[in-house]
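S.K.: sequence and predicted model, in that order:
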Amino acid sequence: MAQEQGTFQDLNFESADLAPENPVTAPNYVPIGSALPDWTGYIGGVQQTQVEYNVTTLGTASIGLLGPNWGGTAQAETGYGIIDGKYTAILQTGEYSSENGVNASIAQTGTIPGNAQSLQFEAAFSTPELIVSFAGNNLTLSAWSTGESPSGISYTVYGADIAPYAGQTGTLEFTEVFDESYPSAELDDITFSTNSVSPEPNIVALTAIGGLLFGPLKWFARR
C-alpha cells in the first residue's frame, strides 16, 4: 500500500521537540509548536497555544501528547498509552472555562496528494465520538482492521474516501465531540493511501469495536 502525506507534516506525531518527561500531576503545559508542530489545536472552538504533555485529565477538556516515559503505572491507572512510535496525540472533551462541555480538536492545512484514494489513521477511543473533516466536509469513516500496540493498547485502523479531494488544499481536522460520558480519542499514524476504501464498511471490524474500545480508568481528580 503506497502511503504519502502531500504537503501535510507530522502526521505520525513524531516531530515533537520535547525532552522526555515522566508522567506528572496535571497540568503540565508545553507550547503546541513544540509538541504538535504544524498542527493547530482548538478547545471549544478557542485556538490553543499550549497542550498538555504526559498527563491526562478527568472532566477537563484538553489536547495532549503522550511521549517517552509514559507507560507503566500511568498507563495502568488511566488506560491511555502510546499507539505507535514514541508519541501519540490525545483529545479529551469536558469542561473548559465557564462552559460545561466542549469539543477538542486538532487541525492542519495542506494539500492532499494528487493520487490519494483514502485517508487512514489509527485511533483508540473511550467512546467513538470522532469527526474527521476536510475543507469543512465530514468524511465517512470505515473500520479497516484492529490491532494492539507494543504497549498493549488496543486500537482500530480507520479509513475514509479522500479521492474527491485529491490534489486539493484545505484543512484536515480531527474533532472529538463532547457528550455526558466525557469521551476521548487517541490518534496516531495518519496517512494518505493510493488504496481505495472498500465500498462496504468492514462489518466484522465495526462490530468488534464495542469490545475493543477501552474505557480509561480515572486517575486525576476533576479540575
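M.R.: On my side now, so go ahead.
S.K.: which residues does Ala160 bridge with?
M.R.: Beta-bridge pairing for Ala160 (DSSP bridges): Leu119, Leu141.
S.K.: quick one: contacts for it?
M.R.: Ser118, Leu119, Val132, Leu139, Thr140, Leu141, Ser142, Val197 (Cβ atoms under 8 Å, 6 or more residues apart in numbering). Placement of C-beta: from N, CA and C, glycine included.
S.K.: narrow those residues to just the buried residues.
M.R.: Buried members of these, counted by 16 or more other Cβ atoms under 10 Å: Ser118, Leu119, Val132, Leu139, Leu141, Ser142, Val197.
S.K.: turn these into a markdown table, including pLDDT and distance to Pro27.
M.R.: Below are those laid out as a markdown table (pLDDT from 0 to 100; distance: Cβ to Cβ, whole Å):
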| residue | pLDDT | distance to Pro27 |
| --- | --- | --- |
| Ser118 | 97 | 37 |
| Leu119 | 97 | 32 |
| Val132 | 98 | 27 |
| Leu139 | 97 | 32 |
| Leu141 | 96 | 31 |
| Ser142 | 94 | 36 |
| Val197 | 80 | 39 |
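S.K.: and which of these is nearest Leu58?
M.R.: Val132 (25.5 Å; Cβ to Cβ).
S.K.: which of the contacts of Ala160 sits closest to Thr7?
M.R.: Closest to Thr7, out of all of the contacts of Ala160 and judged by Cβ to Cβ, is Leu119, at 14.6 Å.
S.K.: dump the residue contacts of Tyr87.
M.R.: Asn12, Phe13, Glu14, Ala16, Leu65, Leu66, Gly67 are the contacts of Tyr87 under Cβ under 8 Å, 6+ apart.
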